[in-house]
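>>> just a sequence and a predicted model for now, questions to come.
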Amino acid sequence: MQRVDTRQMGQPRLGKLQSIYIILIAIVALYQEQQQTNAASIVTSNTPASEIQAIREEQPKGAFKVRSDTRCNGHFHLVGWGISSVSDCQQHCQADERCASFSLEQANDRGCFLFDDKAPCKPELGWISGHRDTRCGIAQENSAATLSCPFGTVISNIVFASYGSPSGDCYAFEEGSCHNPDTKEIIEDLCLGETECTLSATGLVFGDPCPVVSKNLRVQAECTVGSSFNEDVYFNAWSSRHWESANKESQTRTQEWKTFLDSLPSYPAGKYSGRGIIVVAGGRYLEPAVVMIKMLRQSGCTLRIQVWHVGKEEMTEAHRKLISPYDVETRDFKEFVNPEMLKPIQANVGMRLFQLKPLALLHSDLEDILLLDSDNCPVKDPTYLFNSKEYHETGTIFWPDYWKTSTENPIWNIIEHLPKSEWEQESGQLLLHKETAWSAINLCVHFNSDFYMKLLNGDKDTFRFAWVAAGVPFKMIQTWPTPIGTLKELHSSEKGFCGHTMLQHGLEGEPLFVHHNQLKHAVLKVGDNFKFRKLTNSLEQFRAVPVPGLTVQSGVVLPCIDVQGPGNPMVEDDQCTVEEADLLDFERRYFEAQLSIPKDAFTEQERLTPSLLGRDDFKDQRRHRELMEAQKPLVQFLQRDTNTTCTAQEFEVVKPTILNDRVCKPLTKCGKDEIESLPATSTSDRKCEKTN
């Protein structure tokens with residue numbers, strides 16, 4: 001039987017028949033391999049359908065879900081030119097046990113393409129694909145069937161199982177006159193808790209319920225979410241290479257951070273005061289910060305704002321002039337920390353200055369701080385967060401990310417904390433009271449090092465694990481971030497949701513921060529960028545998944561995130577809801593702020609200078625800027641507030657959006673025999689009643 005990666009799925013479940021089964025599988029393995037080789041050599045592009053049907057009956061198969069406008073890619077096997085029938089192509093895939101999906105182009109005779117389970121499939125117009133549902137298995141006697149679940153899920157229930165003479169297709173299996181009643185118990189013992197399970201249809205495994213009858217095995221399983229379902233599989237693939245060595249160092253590292261905390265000076269009472277916002281930006285990364293700061297001020301926010309940068313070259317006089325209208329303070333890291341503290345850290349995304357955000361928190365003269373990424377724009381004034389009960393109770397508010405930390409990650413042992421399946425922290429925004437969080441802030445600076453970057457995905461979770469290790473309480477916002485983006489079919493021949501922005505929420509679930517962390521140098525037509533959101537009906541049963549990007553008009557590829565359920569998205573329908581995001585007015589203000597930045601605000605040399613704050617590409621940035629300039633007249637035209645304003649004798653009937661002007665109607669005038677029973681507002685008419 002094939003075993004799963006125990007690092008991801010937990011320890012294997014040893015059943016009472018498993019030891020015997022491991023021996024038996026070796027006996028039939030050579031026979032099965034020969035059968036597979038024979039079948040693979042028999043099926044060719046010229047094989048008659050009748051022969052394919054005969055071969056198909058000797059091979060394992062599962063139910064197929066056929067979808068239009070879908071295409072698989074990667075390494076393929078071309079069955080033959082001229083095949084244009086979906087049923088013919090499906091028969092070829094059924095006959096080949098290596099085949100998990102097939103694709104053929106509509107209105108073309110390029111042939112039938114067969115793919116294994118490693119091939120990626122994505123929506124694309126003009127193609128039809130079929131996908132095997134691997135939760136069902138059929139195997140003729142002396143052959144084998146494999147049940148498998150999508151990544152992050154495990155076999156949790158055997159819905160149907162019969163070895164003998166069962167019949168029917170997946171989801172409609174029926175027992176025959178010959179049936180071993182122990183089949184289900186045997187398969188449960190072998191497969192429950194596994195992500196994949198191979199079953200040999202032999203008497204050595206299932207006995208011989210009817211010696212003179214040709215037998216087969218039919219089985220249908222259910223899959224449910226496992227412990228790794230919400231983990232970032234791509235980061236884990238990189239990070240897990242370091243887990244063995246990290247575990248060997250865990251005791252040393254634990255003692256190290258404990259000694260660090262023990263030697264930490266007490267909080268310097270009276271040194272810090274006031275509320276404010278901190279942004280780490282400089283050089284060309286100042287541009288998105290200016291957009292965010294302008295939107296903050298437009299929202300009515302009067303808090304102090306500090307922009308932290310590295311060196312004078314990242315904050316020139318021209319840069320200071322750019323931010324001077326917004327009453328912004330600047331701070332140079334080089335005036336607060338020694339050069340050793342400003343060396344880049346190696347991580348999965350390359351060399352970065354991940355330590356800058358915790359260093360800014362530590363050295364700012366502010367005591368109550370809202371930390372914002374430069375590409376994180378508020379929907380409204382966030383000042384109210386400082387007055388919330390949750391903030392006063394804990395002194396720290398964190399916001400969740402899309403993923404959860406693996407329970408197998410050595411970081412849990414290092415901080416001496418039992419592993420928990422809980423959401424990671426997204427550090428595009430965080431709120432803290434410095435005195436309450438003093439030990440945790442310092443420990444977070446300590447955690448931002450080469451060793452911990454092998455275990456944690458950037459600076460974001462160094463905050464959460466520092467708070468946990470130091471025993472400092474925090475409030476995690478309960479609302480999962482909402483993916484914001486567009487639909488690919490509106491801009492390309494592909495289909496599907498492309499989430500490039502995280503909508504973070506307030507304490508009551510209200511929209512608060514639009515963190516456009518993927519929408520850096522790619523831009524769509526104004527009105528299409530933040531147009532849609534994707535909602536789930538169950539937080540625990542859905543996950544964020546990176547999907548192929550969207551190539552926009554400028555030629556830049558926009559990275560995309562989708563939200564998917566626990567099943568195979570190619571087999572099962574999407575149960576999430578895509579709807580209007582109600583951010584059109586926000587989008588107008590966002591692009592208005594961006595286009596207000598003068599073309600010459602940053603020199604070409606400044607734009608070309610490499611940055612350790614994140615990955616960047618000058619060519620992408622230039623194409624992005626050119627497209628923005630082309631849309632400038634449209635953005636200016638769509639500034640509806642300057643076109644129509646309701647007078648004192650009117651009220652607003654329809655709220656202005658990026659696409660529609662405000663609609664006003666005259667206020668009702670009460671007659672001579674009427675009195676005003678309900679006064680008018682800016683958005684409602686007055687009510688009048690007749691006098692007695």
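Happy to help now that I have it.
>>> element containing K380?
Counting by DSSP states H and E, no helix or strand carries K380.
>>> now it, nearest residue through space, not along the chain?
Spatial nearest neighbour of K380, excluding adjacent residues (Cβ to Cβ, 6 or more residues apart in numbering): S299 at 5.4 Å. Just so you know, the C-beta spots here come from the backbone N, C-alpha and C atoms, and that holds for glycine as well.
>>> mind pulling up the pLDDT for that neighbour?
Per-residue pLDDT puts S299 at 94.
>>> neighbouring contacts of stretch 668-680?
With Cβ atoms under 8 Å, 6 or more residues apart in numbering as the test, stretch 668-680 has contacts from F651, L667, D685, R686, K687, C688, E689, K690, T691.
>>> from the centroid of the protein, which residue is nearest?
A544 (3.1 Å; Cα atoms, centre = their mean).
>>> ok, the residue nearest to K380 - contacts?
Contacts of S299 by Cβ under 8 Å, 6+ apart are P378, K380, D381.
>>> just say helix, strand or coil for the residue nearest to the centre of the chain.
Here A544 is recorded as strand under DSSP: H, G, I helix; E, B strand; the rest coil.
>>> pretty sure it contacts C576?
No. Look at A544 against C576 with Cβ atoms under 8 Å: they stay out of range, at 11.1 Å.
>>> which neighbours do the two share?
Shared contacts of A544 and C576, defined by Cβ under 8 Å, 6+ apart, comprise V563.
>>> what's near enough to touch the spatially closest residue to T405 that is not a sequence neighbour?
Nearest non-adjacent residue to T405, counting by Cβ to Cβ, 6+ apart: E424, 5.6 Å away. E424 makes contact with D232, P400, D401, W403, K404, T405, N457, K460, D461, R464, according to Cβ under 8 Å, 6+ apart.
>>> how does it look with 7 Å?
Applying Cβ atoms under 7 Å, 6 or more residues apart in numbering to E424 gives the contacts D401, W403, K404, T405, K460, D461, R464.
>>> got the CA coordinates for the helix or strand hosting the second one in CSV?
Taking DSSP H and E as the definition, W403 sits inside strand 400-404. Taking only C-alpha atoms (Å, rounded to 0.1, in the frame of the first residue of the first chain), the coordinates of strand 400-404 have been written out as CSV:
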residue,chain,number,x,y,z
PRO,A,400,-5.1,36.6,10.0
ASP,A,401,-3.5,35.4,6.8
TYR,A,402,-4.9,32.8,4.4
TRP,A,403,-2.8,29.9,5.7
LYS,A,404,-2.0,27.9,8.9
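>>> so for that strand, mean pLDDT?
pLDDT averaged over strand 400-404 gives 94.
>>> helices or strands next to that strand in the packing?
Where contact means 3 or more Cβ pairs under 7 Å, 6 or more residues apart in numbering; DSSP states H and E, strand 400-404 is packed against strand 423-425.
>>> A246 contacts M453, doesn't it?
No. At 11.3 Å, A246 and M453 do not qualify as touching, with contact defined as Cβ atoms under 7 Å.
>>> with neighbour count added, can I get the contacts of S299 in CSV?
Below are the contacts of S299 laid out as CSV (neighbours: other Cβ atoms under 10 Å):
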residue, neighbour count
P378, 23
K380, 17
D381, 16
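>>> list just the nearest of those residues to P548.
P378 (30.9 Å; Cβ to Cβ).
>>> wasn't L361 part of a helix?
Yes. Residue state for L361 (three-state DSSP) corresponds to a helix.
>>> got a list of what it touches?
Contacts of L361 by Cβ under 7 Å, 6+ apart are I278, I369, L371, L432, I441.
>>> could you do M453 as well?
Counted by Cβ under 7 Å, 6+ apart, M453 has contacts I345, Q346, A347, F354.
>>> please spell out the ChimeraX selection for the buried subset of the residues you listed.
Buried members of the contacts of M453, defined by 16 or more other Cβ atoms under 10 Å, are picked up in ChimeraX with:
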select :345,347,354
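>>> for N413, see how far away D373 is.
Counting by Cβ to Cβ, to the nearest Å, the gap from D373 to N413 is 30 Å.
>>> neighbour count for the two, which is higher?
D373 (24 against 16; other Cβ atoms under 10 Å).
>>> spatially nearest residue to that one, not counting backbone neighbours?
G428 (4.3 Å).
>>> the one you found reaches L370, doesn't it?
No. The pair G428 and L370 fails to qualify as a contact (Cβ under 7 Å) at a distance of 11.3 Å.
>>> output the below-cut-off pLDDT ranges for the stretch 451-600 of the chain.
520-522, 537-540, 567-573 (pLDDT under 70).
>>> K531 and A581 touch, don't they?
Yes. Here K531 reaches A581: they are 6.2 Å apart, a contact under Cβ under 7 Å.
>>> in a strand, I369, correct?
Yes. Judged by three-state DSSP, I369 forms part of a strand.
>>> mind listing what it touches?
G276, I278, L361, L432, K434.
>>> and the biggest strand by length in the chain, what does it pack onto?
Ranked by residue count and defined by DSSP state E, the top strand of the chain is strand 121-140. Applying 3+ Cβ pairs under 7 Å, 6+ apart, we find strand 121-140 packed against strand 61-72, helix 86-95, strand 101-105, strand 144-148, strand 216-225.
>>> which residues are in contact with P559?
For P559, the contact set (Cβ under 7 Å, 6+ apart) comprises H500, Q518, G549.
>>> make JSON lines out of the residues you listed and add secondary structure.
Shown next, in JSON lines, are those (three-state DSSP):
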{"residue": "H500", "secondary structure": "strand"}
{"residue": "Q518", "secondary structure": "coil"}
{"residue": "G549", "secondary structure": "strand"}
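>>> any of these buried? List them.
H500, Q518, G549.
>>> from those residues, pick the one nearest A601.
Q518 (23.4 Å).
>>> quick check: the closest one touching H500?
Yes. Counting by Cβ under 7 Å, Q518 touches H500, with 3.9 Å between them.
>>> could you name every residue contacting both of these two?
Common contact partners of Q518 and H500 (Cβ under 7 Å, 6+ apart): L558, P559.
>>> run a quick neighbour tally on C178.
19.
>>> then the one 10 residues further on?
For E188, the neighbour count with other Cβ under 10 Å is 16.
>>> for V212, same thing?
For V212, the neighbour count with other Cβ under 10 Å is 6.
>>> distance of it relative to C178?
10 Å.
>>> re earlier: in a markdown table: the contacts of I369, plus pLDDT, secondary structure and distance to F602.
Converted to a markdown table, those look like this (pLDDT from 0 to 100; DSSP: H, G, I helix; E, B strand; the rest coil; distance: Cβ to Cβ, whole Å):
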| residue | pLDDT | secondary structure | distance to F602 |
| --- | --- | --- | --- |
| G276 | 98 | strand | 26 |
| I278 | 98 | strand | 22 |
| L361 | 97 | helix | 27 |
| L432 | 98 | strand | 32 |
| K434 | 97 | coil | 33 |
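>>> most neighbours out of those residues, which is it?
L432 (26 neighbours).
>>> is that residue in contact with T394, as I believe?
No. Distance between L432 and T394: 9.3 Å, which falls outside the contact criterion (Cβ under 7 Å).
>>> my read is A161 is in a strand, agree?
Yes. Remark: A161 belongs to a strand, assigned using three-state DSSP.
>>> what pairs with it across the strands?
With beta bridges defined as DSSP bridges, A161 has these partners: V219.
>>> next up, the contacts around it.
Taking Cβ under 7 Å, 6+ apart, one finds T183, K184, I187, V219 in contact with A161.
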